[in-house]
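**Student:** Task: produce atomic coordinates for the following.
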Amino acid sequence: MKTVDLHTHSTASDGTYSPTELVDYAVEKGLSALALTDHDTVWGLSEAMERGEMYPDLEIVPGIEYSTVHNGKDVHIVGLYIDYKDPKYKASLKEFVDSRVNRNRKMCEKLAEAGVPITFEELIEMNPGAVITRAHFGKLLYAKGYVSSVKEAFERYVGDHCPCYVPREKITPQMAVEQILSAHGVPVLAHPVLYGLGKDAMDELVHSLKDAGLVAIEALYGTYTAQDERDIKALAHKYDLLISGGSDFHGANKPHIDLGVGTGRMVIPMEVLDRIKEYAGRT
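**Tutor:** Numbering: from 1, shown residues only. All right, here's what the predicted structure looks like:
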C-alpha cells in the first residue's frame, strides 16, 4: 500500500533535518508523498521541491503550518498545496512572521531580566534562515548552561504560563484559513486532539473554522489512539471535511516520532492525499 506523510518539519523551522535530508529520508522510508509544513515559513520549500525532482516516485507537497490563538489556546492550521511563490501571499506571510519576531525579542528581554541573558541575534546566528520558535530558545539556554535540558527551559522559563513567556499577537485560526485560501491552498486543522478541548469546545472550533473555509482536519496523527481517530473522523463527517494526517516529524527534536509512522501505528494511505488533490485541482 502506498503511504504518505502530510505534516513534517525541517531546519527551516524547528526540525533537525534539512529539507534535502527530509526528502531523502522520505524515500528511504518508502513514502509516496511528503508535505513539508514548517512553522509560519515557506523558506525550505524550494529546496525540498528541487530535491524531490530527483525522485519521480515521490510527490513533494508544498505546505506550511500556522501558529494561531483561539480562546487563549494555541491552535495550528496546516496549509497544503499553497502557491508559496505568489507575491501577495509572501507579503501577507511576512506580516504574520513579523509578529513572531516582535514576540521573540520581548522574550529575550524577559529572559535577561530573569538572569539568563540571551539575545535575538544569538538565536538568529545559531539558527540561520529558520523561523525562531520556543524550541530554539530552549536549545540556546541549554547550550549556554542556564538549564540542564530543553525540557527544563520550558518548565522554568519559556513554557506556557512561565515568567518569560510572551504570547503572540492574536492571530486567529480563521485568519490563517483565509491566508491559505488566498494562496489557493487547502486549509487543515492540525492535531485537534492535542488542544485539550472538551467535546463542545472542539465542536464550536470546528464549526467556526468550517464557516471560515476550512477544508480538512487531521484525523490521522503520529500520537493518536484508535479512539482519537474515531472521534475526529466523526467530526469530519459531521462538518463534511476531508481527512488529512501526518506524523509531525521533527527529527531529533521529537525522537519518539518517526517519519511516516509517528509513534509506530500511524498509517496514511495515498487515498487520503488523492481526495485532497482532487479538491485542490491537482489531479
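**Student:** give me every residue that touches W43.
**Tutor:** Contacts for W43 (C-beta atoms under 8 Å, 6 or more residues apart in numbering) come out as 12, 129-131. The way it works is simple: take the backbone N, C-alpha and C, and place the C-beta from them, glycine included.
**Student:** How many residues are close by Y17?
**Tutor:** Other residues lying near Y17 total 22 when counted by other C-beta atoms under 10 Å.
**Student:** Looking at the contacts of W43, state which has the most neighbours.
**Tutor:** When neighbours are taken as other C-beta under 10 Å, the top entry among the contacts of W43 is A12 (24 neighbours).
**Student:** SS state for it?
**Tutor:** Counting by DSSP: H, G, I helix; E, B strand; the rest coil, the backbone at A12 sits in coil.
**Student:** Quick check, it in contact with G129.
**Tutor:** Yes: taking C-beta atoms under 8 Å as the definition, A12 is a contact partner of G129 at 6.6 Å.
**Student:** which parts of the helix or strand hosting R100 are buried?
**Tutor:** Here R100 sits within helix 87-113, counting by DSSP states H and E. Going by neighbour count (16 or more other C-beta atoms under 10 Å), the buried part of helix 87-113 is 89, 93, 96, 100, 103-104, 106-108, 110-111.
**Student:** ok, now stretch 39-52?
**Tutor:** Under 16+ other C-beta under 10 Å, the buried positions of stretch 39-52 are 39-45, 47-49, 51-52.
**Student:** and of these, the nearest to G246?
**Tutor:** Closest to G246 out of the buried residues of stretch 39-52 is H39 (13.7 Å), distances taken as C-beta to C-beta.
**Student:** That closest one: what's it in contact with?
**Tutor:** So, once contact is read as C-beta under 8 Å, 6+ apart, H39 ends up touching 9, 13-14, 65-67, 131, 133.
**Student:** Looking at these, which are in strands?
**Tutor:** 65-67 (DSSP state E).
**Student:** Identify, from those, the entry nearest to I232.
**Tutor:** Closest to I232, out of all of those and judged by C-beta to C-beta, is E65, at 17.2 Å.
**Student:** gap between the closest one and D38?
**Tutor:** For E65, the distance to D38 under the criterion C-beta to C-beta, to the nearest Å works out to 7 Å.
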